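Colleague: sequence plus the predicted model coming up.
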Amino acid sequence: MKKQEIIDKLRDDEHYYGDFGKQYLSNSDISTLLKNPLDLRTPSKTNPHFLVGGYFHTAILEPDKLKNFKVIESSSRNTKHYREISGGEMCLLQHEVDMTEALVSKMIDNKVCRDLIHEDKNEFELPGITELCNQMWKGKADIVNHNEKLIIDLKTTSDLDSFKWNAKKYNYDSQAYIYREYNTEGFDPQQYFINQTL
């Protein structure tokens, strides 16, 4: 299969996260490789922080997919009401959605962020592949800004002061490196930009 055909197939989340995409390593595998290589390819458990981050990404990049999130009006995930409705699935709480929607509004109200995210030629959720250390890797850029030659990756945090530690904890450096190494349809990014929000 040619590179462009692979990239086109990886545009579909079903293939990117499914069996087809699992033949490629991704930045999410780095922590496992560093800490416990025997767990490589073991599905990771969903946690509330990743769920909120996913909602934030979706609200900015693919708002038509917000309907896929299950939201429960409950004070916590420990209530009987939550357990009955969730059916054991990790779901968003309504107050988390309200907080995240406020963050989305704050982001879009910032002219610099809004202009970088929504320039005319921008592409969202753009996959790419590359060979590193004799292994094939994949990545999916949140936003490719062709005019500024930027790959923009959205990150959320509850504490700006701890962001530099989180960058190390979640291997944002290797993510930037992977993005730098793959060219997306002839796009050669000159910079990597992390869009940090509270």
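Modeller: Done, it's in.

Colleague: quick one: average pLDDT of stretch 24-43?
Modeller: Stretch 24-43 carries an average pLDDT of 92.

Colleague: next: stretch 98-111.
Modeller: This predicted structure assigns stretch 98-111 an average pLDDT of 94.

Colleague: how distant is it from the center of its chain?
Modeller: Taking Cα atoms, centre = their mean, to the nearest Å, the mean C-alpha location of stretch 98-111 is offset from the chain mean by 17 Å.

Colleague: which residue ranges of the protein form strands?
Modeller: Here the chain has its strands, by DSSP state E, at 71-72, 92-93, 123-132, 135-145, 150-156, 191-197.

Colleague: between those strands, which one is nearest to Asp39?
Modeller: When those are compared for distance to Asp39 using Cβ to Cβ, the nearest one is strand 135-145, at 17.0 Å. To be clear about C-beta, it is placed using only N, CA and C from the backbone, and glycine gets the same treatment.

Colleague: who's in contact with that closest one?
Modeller: Under the contact criterion Cβ atoms under 8 Å, 6 or more residues apart in numbering, strand 135-145 has outside partners 10, 16, 21, 23-27, 57, 61, 116-117, 119, 121-131, 150-154, 175, 178-179, 181-182, 184, 187, 189.

Colleague: could the strands of the chain be laid out in a markdown table, adding mean neighbour count, mean pLDDT and distance to Pro48?
Modeller: Converted to a markdown table, these look like this (neighbours: other Cβ atoms under 10 Å; pLDDT from 0 to 100; distance: least, Cβ to Cβ, whole Å):
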| stretch | mean neighbour count | mean pLDDT | distance to Pro48 |
| --- | --- | --- | --- |
| strand 71-72 | 18 | 97 | 12 |
| strand 92-93 | 19 | 98 | 8 |
| strand 123-132 | 17 | 93 | 23 |
| strand 135-145 | 20 | 93 | 20 |
| strand 150-156 | 20 | 89 | 12 |
| strand 191-197 | 16 | 43 | 17 |
